[in-house]
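Asks: predicted model, plus sequence, below.
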Amino acid sequence: MENPDHINSYVILGGGTAGWMSAAILARALEHTDAQITVIESPHVPSVGVGEATIPSIIDLLNYLNISQIDFVSQTDATFKLAIRFVDWLKQGTEYWHPFGKIGSQIDGIPFYQHWLKQQKIDPSFEFTDFSPAVALSKQNKFFIPDPKNPTNLSSTSHALHFDASKVAQYLQKYCLNKNVNIITDHLVETDLSIEGNIKTLHLESGRQLDADFFIDCSGQKALLIGKALRVGYDSWQDFLPVDSAVAMQTEKLDIIPPYTLSTAAEHGWRWQIPLQNRTGNGYVYASDYCNNEEAIESLIKHACTNSKAITDPKVIKFVTGKRKKMWHRNCLSVGLSTGFLEPLESTSIYLIMRAMLNFVQVLPSKSICEPSIKEYNRLIDDEYNSIRDFIVLHYCVTQRKDTKFWRMWQNLSIPDSLSEKLALFKSHGRLYKNPSDLFSQDSWYAVLEGMKVRPTSYDPLVDRSNFNLIKQSFIQTKQALWFNASETLNHEDYLKRIKRARMVN
């Protein structure tokens, strides 16, 4: 016998990546129940469609949804992503890598970074990311998925995807249809609240009225439910992250498709390049205080079209970095841009959609609102946003660039106290406090800190108990072995061709 307090109907306002990913996760979680899920997709609101780079958690999501990675890659023009290559961030003419997976291995129970730090004082010829399998593969345009049955020194790598966001939304829509999700193509006009303050009825442009037990707001920055109807406020982080605009455009596919995202620091922000099988995504994220839209478009076209032809017109996107004061309020959950915005420097937007919904399905509500559950949910998502914010600020706040007003601004800009405390701890002996809610591993922090030449005054004293002569030899051998084994793997594009062949066979 069903519990009458269980939620029987969910309405998701908005399609796009956020709406269809939310619907897919909810449908998967509720597939053996009688709960009805309805997605309202407006014919008047185009999808932003620029969230095309991800982090390794996307593979976890495909596994959760029981989606074949081969099928997904083939149908979304996806490519593989092993790392982000950062160019000109420390100063012009420099570059570093933020790879996925592990960098080195613990030695005598101490992080590899600490031993590398001691080695730097004697022989600075080794870069920290020389010991990353993902970087060894990326630099040679190779790709490899570890086989648990045949471990090698490349096995500690992990990968994410680049994909066509519009095709991902279409793919997930088909997935949802197969899970009996209802689709309504209509536009929200007005929202009615109950006496208690819950969302009760959505009035649509067609004249239709729609009631539900629970609502998920995927209406983008307009936040029509969580913001407009329920009046939940928004915390701006513009003081910490002043960029507030982006221009995006697509160009023809690259001659050689690299297995990484390229992020290049520019005059008033930074540019991205995301390689897909059928085309290339390009964008320029900038601060409008220092650069107007026309200048940004001109700059993007100049760099994106140097060796490639444009296939779409530039599209300007405005945003306010920050987050909603509550992501879940009463009988409404906000997901995606209705929740907040963090610039796509570390490709976290898809992850935050996924995390919002996976956390939600672990604490599915009843018709009787449980404030302690809502409070704990909001705390966890808040922590996620705060930790990602700090990691993004790190890329800017330690720069040595002073060539434009934008970069000179960063020499004196305030940073979050949580980041300031983390940097202070690191600068003493290279130690990092691990926040359980921090998306990024210690190796990720080490990679960016070293890439931006932020070094501690000394290494961990416990390192001195290890046999350093043996460690020095292992450094040489490990670097050479990684490079050689990476060279023996398939080229990235050959791997993609193998994926296509495998799908045709299946």
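Replies: Received the coordinates, thanks. Numbering: from 1, shown residues only.

Asks: and residue 300, how close does it get to residue 348?
Replies: 22 Å (CB to CB, to the nearest Å). Quick note: C-beta positions are derived from backbone N, CA and C, even for glycine.

Asks: is it true that residue 256 touches residue 140?
Replies: No. The pair residue 256 / residue 140 is not scored as a contact, 11.4 Å apart, by CB atoms under 8 Å.

Asks: ok, the two, which is more surrounded?
Replies: residue 140 (16 against 10; other CB atoms under 10 Å).

Asks: quick one: low-confidence ranges for the chain?
Replies: 1-2, 48-51, 504-506 (pLDDT under 70).

Asks: could you pull out the helices for it?
Replies: In the chain, the helices defined using DSSP state H lie at 16-29, 57-64, 69-75, 112-122, 133-139, 165-178, 293-304, 349-362, 371-397, 405-409, 417-429, 442-451, 468-487, 492-505.

Asks: now do the fourth one: which elements does it pack against?
Replies: Other helices and strands packing on helix 112-122, by 3 or more CB pairs under 8 Å, 6 or more residues apart in numbering; DSSP states H and E, are helix 442-451, helix 468-487.

Asks: closest to residue 223 out of the helices of the chain?
Replies: helix 16-29 (11.7 Å; CB to CB).

Asks: next, the angle from the closest one to helix 57-64.
Replies: 40 degrees (axes from the mean of the first three to the mean of the last three CA atoms, to 10 degrees).

Asks: ok, residues contacting helix 16-29?
Replies: Applying CB atoms under 8 Å, 6 or more residues apart in numbering, the contact partners of helix 16-29 are 10, 12-13, 37, 39, 41, 47-49, 51, 61, 64-66, 165, 168-169, 172-173, 175-176, 179-181, 216, 218, 220, 335-338, 350, 353-354, 356-358, 360-361, 364.

Asks: which ChimeraX command selects the buried ones in these?
Replies: Entered in ChimeraX, the line below selects the buried ones among the contacts of helix 16-29, by 16 or more other CB atoms under 10 Å:
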select :10,12,13,37,39,41,47,48,49,51,61,64,65,165,168,169,172,173,175,176,179,181,216,218,220,335,336,337,338,350,353,354,356,357,360,364
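
Asks: quick one, strands of the stretch 151-300 of the chain?
Replies: 160-162, 182-185, 188-193, 199-204, 209-211, 214-217, 234-236, 245-252, 260-266, 269-275, 279-286 (DSSP state E, counting those that start in this stretch).

Asks: how about those strands in TSV, adding distance to residue 296?
Replies: Converted to TSV, the strands of the stretch 151-300 of the chain look like this (distance: least, CB to CB, whole Å):
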stretch	distance to residue 296
strand 160-162	22
strand 182-185	34
strand 188-193	32
strand 199-204	36
strand 209-211	40
strand 214-217	30
strand 234-236	21
strand 245-252	5
strand 260-266	9
strand 269-275	8
strand 279-286	5
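
Asks: please work out which of the ones you listed is packed deepest.
Replies: strand 214-217 (a mean of 28; mean count of other CB atoms under 10 Å).

Asks: who does that strand pair up with?
Replies: strand 9-13 (parallel), strand 332-334 (parallel) (DSSP bridges).

Asks: turn those into TSV, columns for distance to residue 57.
Replies: Below are those laid out as TSV (distance: least, CB to CB, whole Å):
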stretch	distance to residue 57
strand 9-13	21
strand 332-334	19
